[in-house]
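How does the following fold in three dimensions:
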Amino acid sequence: MNPRNIDEKDIWAALRQVIDPELGCNIVDLGLIYGLTIEQGDVLVQMTLTTPGCPMHESIAWGVRTALLEVEGVEQADVELVWDPPWNPAMMTEFGRSHVAGN
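From the prediction side, this is the model:
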């Protein structure tokens, strides 16, 4: 596949494979993804964490990069942690709320 034709659906599917270990839910349904930029073979994800002092930040960012590099056409994957706006539970999808409530 030509890197210019990276399928955004594949990027979102890869991000759903990254699980927040403390909440046991994927980062997309938790509402942690704030932005996604795809330029040729490069993907930049702007994301936050549930708390600024999250001890798993390096592990989650590594998981994001690793998942993205598995997507056909992705040559480089970067993660930018942002804190504005601060995350809150209202950002979760219905699936995320039900999954976290069920744990």
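
was I right about I6 contacting V74?
Yes: at 6.2 Å, I6 counts as touching V74 under the criterion of CB atoms under 8 Å. The way it works is simple: take the backbone N, C-alpha and C, and place the C-beta from them, glycine included.

residues near T51, how many?
Number of residues near T51 (other CB atoms under 10 Å) recorded here: 12.

Is it located within a strand, as I assumed?
No: note on T51: no strand contains this position according to DSSP: H, G, I helix; E, B strand; the rest coil, which reports coil.

Contacts only, for the nearest residue to it once chain neighbours are set aside.
In space, not counting the residues next to it along the chain, T51 is nearest to W87; the distance is 7.9 Å by CB to CB, 6 or more residues apart in numbering. Applying CB atoms under 8 Å, 6 or more residues apart in numbering to W87 gives the contacts 30-32, 48-51.

Quickly list what's touching both of I6 and V74.
41, 43.

Do you know the pLDDT at M1?
If you check M1, the pLDDT there is 43.

repeat for the one 10 residues further on
With respect to pLDDT, I11 scores 97.

Mind listing residues that contact the host helix or strand of it?
For I11, the element it lies in under DSSP states H and E is helix 8-15. The list of residues contacting helix 8-15 from outside it, by CB under 8 Å, 6+ apart, reads 26-28, 33, 36, 38, 43, 45, 64, 67-68, 70-72, 74.

With respect to E58, which of those residues is nearest?
V64 (10.9 Å; CB to CB).

For the helix or strand in which that closest one is found, buried residues please.
With secondary structure defined by DSSP H and E, V64 is part of helix 57-69. Residues of helix 57-69 classed as buried by neighbour count (16 or more other CB atoms under 10 Å): 57, 60-61, 63-65, 67-68.
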